[in-house]
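> got a predicted model here, sequence first, then my questions.
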Amino acid sequence: MKRTVATAPIAGMKPGTSGLRKKVTEFAAGHYLPNFVQSVFDAVRPESGFAGQCLVVGGDGRFYNLEAIQVVIRMAAANGFARVLVGQGGILSTPAASCVIRQHAAFGGLILSASHNPGGPDGDFGIKFNGANGGPAAEKVTDAIHACTLKIAEFQTTDGPDVDLSRIGRQWVEAMEVEVIDPVADYLALMQRLFDFDALRRLFASGFTLAFDAMHAVTGPYAHAIFERELGAAPGSVRNGTPLPDFGGHHPDPNRVHAKDLYELLMSPQAPDLGAASDGDGDRNLIIGRGLFVAPSDSLAMLAANAHLAPAYRAGIVGIARSMPTSGAADRVAQALGVPCYETPTGWKFFGNLLDAGKVTLCGEESAGTGSDHVREKDGIWAVLLWLNILAVRRQSVRQVAHEHWARFGRNYYTRHDHEDLDSAIAQGLMRDLAAQLPSLPGTMLDGKVVAMADDFSYVDPIDGSVSSGQGLRIGFADGSRIVYRLSGTGTSGATLRVYIERFEPDASLHDQETQAALADLVGLADRLAGIRERTGRQTPSVIT
Ligand code: VG1
Ligand code: CO
């Protein structure tokens with residue numbers, strides 16, 4: 001039976017973010033989750049209602065995923081959806097959800113994940129709405145959802161038993177059909193269309209070795225199916241391949257710190273040819289060659305320079321987009337290819353319009369996110385497949401590909417220093433005072449370098465003209481070096497300050513330096529300019545990537 005439940009507004013959705021991320025304890029308390037779901041439905045409901053419409057639902061398998069999916073399904077039925085497509089076991093990686101939405105011409109989807117944030121009863125949970133293009137809702141939609149969360153008075157739900165999520169096939173909730181689908185099938189079919197699976201099978205048959213760390217998160221089932229079963233990678237190539245509700249107690253964040261075992265394996269004498277990892281919801285990727293870590297910004301540039309070697313991109317790419325803090329390495333490739341390179345604010349939703357308009361083929365972020373126009377999310381497994389396809393055609397190691405790339409384009413040494421869980425007032429004060437200094441910097445010398453520009457990044461969407469300001473403080477130097485400061489929008493406690501540092505090195509004889517050593521002077525300058533250690537009392541960053 002459908003029923004209406006009286007409720008009260010909820011706090012805590014940050015305007016400008018594409019979803020909601022909070023502690024599980026907050027999500028599970030009272031009507032928090034139903035209030036958010038109803039706010040989404042109220043904000044996006046067409047005039048004709050949801051009659052005839054299909055909603056895709058799935059998540060990364062973290063704690064509270066299954067309970068939340070049952071809540072969403074009951075509410076979708078009460079709100080008049082005709083159909084829900086849900087991944088078996090409640091599983092859908094974020095890129096697979098994007099693929100399913102597009103493949104089945106759904107109205108949109110609700111993706112349950114807090115991405116790389118830790119899970120478990122004391123960990124984080126999250127939920128976001130993706131529209132019919134398969135991508136995260138644009139800011140005007142998230143603003144409308146936010147407005148609804150502040151005035152919600154009731155939500156619609158139904159009573160009745162839970163849907164059996166273990167059984168593939170059709171079930172009914174009132175008048176709504178629920179179809180439990182294989183979470184891998186549509187995604188695998190798409191990957192088979194994009195890449196040369198025969199060449200990849202030959203690569204593995206010739207003895208190529210892979211270590212893929214699924215970090216006990218959502219990519220396990222995808223990686224087992226694609227790398228081991230389809231492509232013939234040796235059993236055991238996929239590590240930590242069973243999704244666990246608490247990710248085994250780890251942060252499912254593929255970086256040098258949280259994927260330390262993988263990193264050390266790739267630096268050891270037992271290193272396989274390629275090491276890779278993905279995050280909680282499967283949209284990020286880490287690429288490590290034998291003895292060589294590939295910075296995500298470099299990975300974007302190298303994929304762009306070589307994409308034409310894979311069937312999907314044989315005709316070439318039409319453009320690249322990168323988030324502002326991502327290094328300028330991709331810009332150099334775009335220039336050489338004669339295609340545009342767009343600089344957007346942080347967050348995948350800013351790529352949606354450019355992709356929909358056919359302005360770009362590849363997109364990427366320094367935070368280990370790369371993707372293309374095949375879906376509207378970044379895509380971890382896709383990135384590994386594109387690397388494999390490139391290595392299979394070039395018959396070279398990751399190290400050779402990287403060094404040839406740097407010899408041709410120059411190398412952008414790059415690092416990000418995160419200071420997590422800072423006092424919010426201190427972090428905001430630091431940003432405010434730094435922003436006030438910026439106008440006086442251009443033309444001056446800092447540590448012997450001429451400041452070419454300094455501003456608070458503001459973006460005008462080239463397609464719909466919408467303006468997003470306050471997107472990070474950047475200081476660019478005449479020699480191509482750059483320092484960027486931003487506060488994270490995805491943390492769930494205190495404030496996280498991210499400092500992004502890069503230096504351009506054209507000289508090929510200097511392309512084998514250790515990254516932190518190559519950037520030490522700029523790191524020191526970044527600290528002094530903003531007074532990081534002095535203001536926060538922190539002597540070292542929480543995470544260096
Ligand atoms: C971080 C990254 C950003 C990424 C976002 C979501 O945001 O820096 O590049 O798009 O996470 O990634 P922030 O505001 O904390 O810096 V994921 O894997 O959560 O979908
Ligand atoms: Co993610």
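Here it is on my side, so go on. Ligands and ions are numbered 1, 2, ... in the order given.
> quick one: contacts for residue 438?
Residue 438 makes contact with 454, 455, 456, 473, 475, according to Cβ atoms under 8 Å, 6 or more residues apart in numbering. C-betas here are computed from N, CA, C, even on glycine.
> now do the SS call for it.
Following DSSP: H, G, I helix; E, B strand; the rest coil, the label given to residue 438 is helix.
> from residue 488, how far out is it?
20 Å (Cβ to Cβ, to the nearest Å).
> cool, and residue 509?
37 Å.
> go on, residue 202?
43 Å.
> quick check: residue 20 touching residue 129?
No - assessed by Cβ atoms under 8 Å, residue 20 is found out of contact with residue 129, at 9.8 Å.
> re earlier: residue 202 and residue 488: which is more packed in?
When residue 202 and residue 488 are compared for neighbours, residue 488 comes out ahead with 17 against 14, by other Cβ atoms under 10 Å.
> apart from its neighbours in sequence, what residue is nearest that one?
Nearest residue to residue 488 in three dimensions, chain neighbours excluded: residue 496, at 3.8 Å (Cβ to Cβ, 6 or more residues apart in numbering).
> after the strand or helix carrying that neighbour, which helix or strand is next?
Element membership for residue 496 (DSSP states H and E) is strand 495-505. Past strand 495-505, further along toward the C-terminus, the next helix or strand under DSSP H and E is helix 515-530.
> state the distance from residue 170 to ligand 1.
Relative to ligand 1, residue 170 is positioned 31 Å away (Cβ to the nearest ligand atom, to the nearest Å).
> of all the contacts of residue 438, which comes closest to residue 293?
Residue 293 lies nearest to residue 475 out of the contacts of residue 438, by Cβ to Cβ, at 25.7 Å.
> in terms of helices and strands, where is residue 399?
Residue-wise, residue 399 maps onto helix 398-409 under DSSP H and E.
> let me fix that, I meant to ask about residue 43.
helix 32-44.
> do the helix or strand following that helix and ligand 1 meet at all?
With elements assigned by DSSP H and E, the helix or strand that comes after helix 32-44 is strand 54-59. No - Strand 54-59 lies out of reach of ligand 1 by Cβ under 6 Å from any ligand atom, never closer than 12.6 Å.
> could you list the buried residues of stretch 535-542?
The neighbour-count check on stretch 535-542 (16 or more other Cβ atoms under 10 Å) flags 535, 536, 541 as buried.
> which of the residues you listed sits closest to residue 282?
residue 541 (26.5 Å).
> surely the closest one is within a helix?
No - according to three-state DSSP, residue 541 belongs to no helix; its state is coil.
> pLDDT score for it?
What the model reports as pLDDT for residue 541 is 92.
> minimum distance to ligand 2, which residue of the protein gives it?
residue 115 (3.2 Å; Cβ to the ion).
> report pLDDT for that residue.
90.
> residues contacting it?
Neighbouring residues of residue 115 by Cβ under 8 Å, 6+ apart: 21, 60, 94, 126, 279, 280, 281, 283, 284, 490.
> can you tell me the closest non-neighbouring residue to the fifth one?
It refers to residue 279. Leaving aside its sequence neighbours, residue 279 sits nearest to residue 116 (Cβ to Cβ, 6+ apart; 4.3 Å).
> report how many residues lie close to that neighbour.
Residue 116, neighbours per other Cβ under 10 Å, totals 24.
> just to check, it is in contact with residue 247?
No - in this structure, residue 116 is not within contact of residue 247 by Cβ under 8 Å, at 9.7 Å.
> please enumerate the shared neighbours of the two.
residue 280.
> quick check: the gap between residue 222 and residue 452.
From residue 222 to residue 452 the distance is 43 Å (Cβ to Cβ).
> so for the two, which sits in the more crowded spot?
Remark: of residue 222 and residue 452, residue 222 carries more neighbours, 26 against 16, as counted by other Cβ under 10 Å.
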